[in-house]
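J.: build me a model:
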Amino acid sequence: MRLIDASGENVGVVSTEEAVRIAQEAELDLVEVAPNAEPPVCRVMDYGKFLYERTKKEREARKAQVKVEIKEIRLRPKTTEHHRGFKVRDARRWLDNGMKVKVRIRFRGREITYPEIALDDLRAIAEDLSDVAIVEQNPSLEGNSMLMVLAPKKTKK
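T.: Residues are numbered from 1 along each chain as shown. Model prediction:
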């Protein structure tokens, strides 16, 4: 196996017994870091400290992560232009705040036999919001509802 000592220096190819002896003399752990390499690569290190630092880095990465909130607007095929205007205004505000907006048109009873009405409504909403949003997911029929996802446009400030 190829051995890397505690200071990061390459010791070279040594036997397993020799690597274990070197790790015991240094009072550290022998950790296999690349088992698929030819020959396998092992490192002499404090494994507890390594695990601690790795979880610390993961925690920092989670803090820096941005959570994208998805808001939803629910409509029906019979929703009037006036009421749809209120919903579009809310969606515009959410998109300006950097949130994604899911627009769902739910069908009841026989309304599902006319999906083109809902498709026209979704296209009109996308057109109304085209200055602040892009269509991330095109309208699709899922069960008894038609769904479209809008994401905020990337604007250079």
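
J.: could you report the pLDDT at Glu25?
T.: Turning to Glu25, the model gives it a pLDDT of 89.

J.: so what's the residue count around it?
T.: 9 (other Cβ atoms under 10 Å). Where you see a C-beta, it was placed from the backbone N, CA and C, and this is true even at glycine.

J.: Asp128 too?
T.: 16.

J.: that one is in contact with Arg89, isn't it?
T.: No. The pair Asp128 / Arg89 is not scored as a contact, 9.5 Å apart, by Cβ atoms under 8 Å.

J.: partner strands of the longest strand seen in the chain, with direction?
T.: In the chain, with assignment by DSSP state E, the single longest strand is strand 133-142. With DSSP bridges as the test, strand 133-142 is paired with strand 145-152 (antiparallel).

J.: circling back: next, the buried residues of the longest strand of the chain.
T.: Judged by neighbour count (16 or more other Cβ atoms under 10 Å), strand 133-142 contains these buried residues: Ala133, Val135, Pro139.

J.: that concludes my questions; thank you for your assistance.
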